[in-house]
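>>> Please find the sequence and the predicted model below.
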Amino acid sequence: MYITVAGFKGGVGKTTTAVHLACYLSQQGKTLLVDGDPNRSATSWGKRGNLPFKIVDLMAASKHSQGHNHVVIDTQARPNQDEIEALADGCDLLILPTTPDALAIDALLQTVDLLQTLGNGCFKILLTQVHPKPVTMAQQARKALEGAGLPIFSGQIRRLIAYEKATLAGLPVNKVRDRNAKNAWRDYETIGKEILV
């Protein structure tokens, strides 16, 4: 299964999502993470610690992807129209992470419009960096997206400091010492299960 994670606004958790979905999928079968972001954030993450899967550059992906059950691709931010078309065409599922704020949702909707114009429906929206109650921004965003008939994961990713600790340590979030590490990992387990259903 080829899964591409694409973000159309900075700071929406694109690399965090790619890394943690690769961690989850590596428990189900041999998994490769392809780092297609010029910032090499996933590669840097892996070099700082120990991740349970191999990370390769986009240019080396064709050589290394054979023999893997799952390939997760972390893309560069803000791809253009041609890149979006190629991304959507080259995967089984295109995951679009977004924070629930208005600017991120606006950028997301522009991308969704383009995907729908291209006739591509193999995408799913993931709400990330969701604030705890009483903040209701995520519920409002979800209601609007579902009301528009857009595919959205039933799970969502909470805004937790444990992810920052994981990035710094070069580990998946379930391997760091933080009181919310288990909850953070459970969020991505939920998304992983939704993908594999």
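That came through, no problem. In this text the structure is predicted, and so the values were computed from the model without any measurement.
>>> hey, which helix or strand in the protein has the poorest pLDDT?
helix 81-89 (a mean of 81; mean pLDDT, DSSP states H and E).
>>> Show me what the next helix or strand after that one pairs with in its sheet, parallel or antiparallel.
Sequence-wise, the next helix or strand downstream of helix 81-89 (DSSP states H and E) is strand 93-98. The strands beside strand 93-98 in its sheet (DSSP bridges) come out as strand 2-5 (parallel), strand 123-127 (parallel).
>>> could you give me the average pLDDT of the first one?
It refers to strand 2-5. The average pLDDT for strand 2-5 rounds to 94.
>>> again with stretch 172-182
96.
>>> Run a quick neighbour tally on the closest residue to residue 2 other than its chain neighbours.
Spatially, and ignoring its direct neighbours in sequence, residue 2 is nearest to residue 91 (4.3 Å; C-beta to C-beta, 6 or more residues apart in numbering). C-betas here are computed from N, CA, C, even on glycine. When counting by other C-beta atoms under 10 Å, one arrives at 21 neighbours for residue 91.
>>> Ramachandran angles for residue 91?
phi -140, psi 160 (degrees, to the nearest 10).
>>> Give me the pLDDT value at the residue of the chain most remote from its centre.
Residue farthest from the centre of the chain, counting by C-alpha atoms, centre = their mean, is residue 134 at 25.4 Å. Per-residue pLDDT puts residue 134 at 82.
>>> how about the residue nearest to residue 2, what does it touch?
Going by C-beta atoms under 8 Å, 6 or more residues apart in numbering, residue 91 touches 2-4, 73, 122.
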